[in-house]
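[1] When you get a sec, could you give me coordinates for this:
(one chain, ligands or ions: 1)
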Amino acid sequence: MLDLLIKNVNLANGKKAQDIGIIDGKITEIATNIITPARKTLQGNGHLASAPFVDSHFHMDSALSLGQPRLNQSGTLLEGIKIWGELKPSLTVDAIKARALELCRWSIARGTLAIRSHVDISDDRLLAVEALLEVREQMRDFIDIQLVAFPQDGFLRYPKAEQNLLRALDKGVDVVGGIPHFERTMADGSASIRRLCEIAVERDLLVDMHCDESDDPMSRHIEVLASETIRQGLQGRVTGSHLTSMHSMDNYYVSKLIPLIREARVHVVANPLINITLQGRSDSYPKRRGMTRVPEMLAAGINVAFGHDCVMDPWYSFGTHDMLDVAHMGLHVAQMTGVEQMQAAFSAVTENAAKVMHLEDYGLKVGCHADIVICEASSAIEALQLRPERLYVIRRGKVIASTEPRVTQLHLTGEDSPVSFSKGLF
Ligand code: FE2
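    Have a look, this model is predicted:
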């Protein structure tokens, strides 16, 4: 007897009209016509069933703080940092928790069931750490939250950063963060990478650094991050987030850099919504797009994911934490409009992001967790075209969110006629 049977869904890998059997929160069978009796049956009606969306780069401590204490009038990174600095002294654990929990509810509604959130450890009170550890615990049954100890004000630049970072890890923060391009010198950036990787080795933790989030083509910390990854034996356990300077780097240098990133098995996270709005700001025309070299790195066999980074905070006034918005923007900015590339953009917010987070038993496969999102679209590419409703969000075999199909009636001739945007081409 199955606990749940999902009938007639199309899979993100292109397989059509499949049934999915679930027992004890695990996927036990995927086949064309499952006849095993089930306690509950969901009709998929030819819609897309996918493993859940994963946001591998986010900032939950600032999410939904837009307007506090004031709006960003210039829309720039620098004014955003200033506003965050103004808000910090008045932050409370309860306020951070309330915003983060609200964000989690938005995420679940959008089918995002795993989030890696950086948490600022530059505040000596570690209020955000305390708040987000509680949120991680409170939401454990619904969302996998991974926290990164993030020295926003610099690891060597901010005097208590190492002490705070170690305290945060002692409290249970999962991943070692960094921000080498924000240190005072290139040498300090390199030194910070070396020390942070040592800490990760000592504590057997993953690493995820904000790295080269700059338009400066000479910001080359990713090279040091990749070489330290190899030197300290951290292959496959390190992520370089943003890497926007790669957009502006010399092509010959990049031809040497990409194989190094590949050799170190460093994961890459681009954040298209934020990169496209914050980078290239000092340019006149042509204006750089600022996103890292996603198709080139994918072609080289590097694992590249897309992250949301911000939702309604001092840096970004938009977003409902919908990873389909992220993939949609990512494929536009990177000009990934080939059929395989569109498919790859969907993977960048699902399986690739799950690899960044080292999620276990993730995927729409037999033996994996029964964590499934059913979208009102016929395929992964159509989901990118329509960014449709998430009809059902399933966690460990239980429906934890449901949304009615989107129906619009036209009244052009006096009679109701529904309009459909689905073309079913992919
Ligand atoms: Fe970030």
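
[2] pLDDT wise, what is the most centrally placed residue in the chain at?
    For the chain, the residue lying nearest the average C-alpha position, counting by C-alpha atoms, centre = their mean, turns out to be Asp55 (2.2 Å). On pLDDT, Asp55 comes in at 98.

[3] That one: helix or strand, and which one exactly?
    According to DSSP states H and E, Asp55 maps onto strand 53-58.

[4] Show me what that strand is in contact with.
    107, 110-118, 208, 239, 241, 267, 269, 271, 305, 307-311, 321, 323-324, 326, 349-350, 353-354, 356-357, 359, 362, 373 (C-beta atoms under 8 Å, 6 or more residues apart in numbering). For every residue, glycine as well, the C-beta is placed using N, CA and C.

[5] quick one: buried residues of that strand?
    Residues Phe53, Val54, Asp55, Ser56, His57, Phe58 are the ones in strand 53-58 that count as buried (16 or more other C-beta atoms under 10 Å).

[6] Stretch 317-333 too?
    319, 321-331, 333.

[7] Now the element after the helix-or-strand element of the chain with minimal mean pLDDT, going C-ward?
    Scoring the helices and strands of the chain by mean pLDDT, DSSP states H and E places helix 77-87 at the bottom, with a mean of 89. The C-terminal neighbour of helix 77-87 among helices and strands, as given by DSSP H and E, is helix 93-109.

[8] Okay, buried residues for that following helix please.
    Val93, Ile96, Lys97, Arg99, Ala100, Leu101, Leu103, Cys104, Trp106, Ser107, Ile108, Ala109.

[9] Check which element follows it along the chain.
    strand 112-120.

[10] Quick one: mean pLDDT for the longest strand seen in the chain?
    Using DSSP state E to define each element, the chain has its longest strand at strand 38-50. For strand 38-50, mean pLDDT rounds to 98.

[11] Phi and psi next, for Val9.
    Note on Val9: backbone dihedrals following degrees, to the nearest 10 are phi -120, psi 150.

[12] On the pLDDT front, check it for me.
    98.

[13] circling back to that earlier point, now, among the buried residues of strand 53-58, which is nearest to Pro151?
    His57 (15.9 Å; C-beta to C-beta).

[14] Check the gap between the closest one and Leu133 for me.
    From His57 across to Leu133, the span is 19 Å (C-beta to C-beta, to the nearest Å).

[15] And Glu263, by the same measure?
    35 Å.

[16] try Met357
    Distance from Met357 to Leu133, by C-beta to C-beta: 17 Å.

[17] Give me the more crowded residue out of the two.
    For the pair Met357 and Leu133, the greater number of neighbours falls to Met357 (24 against 20), based on other C-beta atoms under 10 Å.

[18] so where do the helices sit in this protein?
    77-87, 93-109, 127-138, 161-171, 186-203, 221-231, 251-263, 272-278, 294-299, 323-333, 339-347, 351-356, 380-386 (DSSP state H).

[19] In JSON lines, list the ones you listed along with distance to Pro151.
    Output for those, formatted as JSON lines (distance: least, C-beta to C-beta, whole Å):
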{"stretch": "helix 77-87", "distance to Pro151": "14"}
{"stretch": "helix 93-109", "distance to Pro151": "18"}
{"stretch": "helix 127-138", "distance to Pro151": "12"}
{"stretch": "helix 161-171", "distance to Pro151": "4"}
{"stretch": "helix 186-203", "distance to Pro151": "8"}
{"stretch": "helix 221-231", "distance to Pro151": "14"}
{"stretch": "helix 251-263", "distance to Pro151": "23"}
{"stretch": "helix 272-278", "distance to Pro151": "19"}
{"stretch": "helix 294-299", "distance to Pro151": "26"}
{"stretch": "helix 323-333", "distance to Pro151": "25"}
{"stretch": "helix 339-347", "distance to Pro151": "31"}
{"stretch": "helix 351-356", "distance to Pro151": "20"}
{"stretch": "helix 380-386", "distance to Pro151": "35"}
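
[20] Show me the one of those that comes nearest Ser245.
    Once the helices of the chain are compared by C-beta to C-beta, helix 221-231 is nearest, at 7.8 Å.

[21] Need the CA coordinates for the closest one. CSV is fine.
    Provided in CSV are the C-alpha atoms of helix 221-231 (Å, rounded to 0.1, in the frame of the first residue of the first chain):
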residue,chain,number,x,y,z
HIS,A,221,40.4,35.9,-5.5
ILE,A,222,38.7,33.0,-7.2
GLU,A,223,42.1,31.9,-8.4
VAL,A,224,43.4,31.8,-4.8
LEU,A,225,40.2,30.1,-3.6
ALA,A,226,40.5,27.4,-6.1
SER,A,227,44.2,26.8,-5.5
GLU,A,228,43.7,26.8,-1.7
THR,A,229,40.9,24.3,-2.2
ILE,A,230,43.3,22.0,-3.9
ARG,A,231,46.2,22.7,-1.5
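
[22] and that helix, how far out from the chain's middle?
    Its chain's C-alpha centre and that of helix 221-231 lie 22 Å apart, by C-alpha atoms, centre = their mean, to the nearest Å.

[23] Only the buried residues of that helix, if you could.
    Those would be His221, Ile222, Glu223, Val224, Leu225, Ala226, Ser227, Glu228, Thr229, for helix 221-231 by 16+ other C-beta under 10 Å.

[24] And for stretch 74-86?
    Those would be Leu77, Glu79, Gly80, Ile83, Trp84, for stretch 74-86 by 16+ other C-beta under 10 Å.

[25] The fourth one: what's it in contact with?
    Taking C-beta under 8 Å, 6+ apart as the criterion, Ile83 is in contact with Pro69, Arg70, Asn72, Pro314.

[26] which of those has the most neighbours?
    Pro314 (25 neighbours).

[27] Was I right to think that residue contacts Leu64?
    No - Pro314 is beyond contact range of Leu64, at 11.2 Å (criterion: C-beta atoms under 8 Å).

[28] returning to that earlier point: quick one, the least confident helix or strand of the chain and helix 93-109 angle?
    130 degrees (axes from the mean of the first three to the mean of the last three C-alpha atoms, to 10 degrees).
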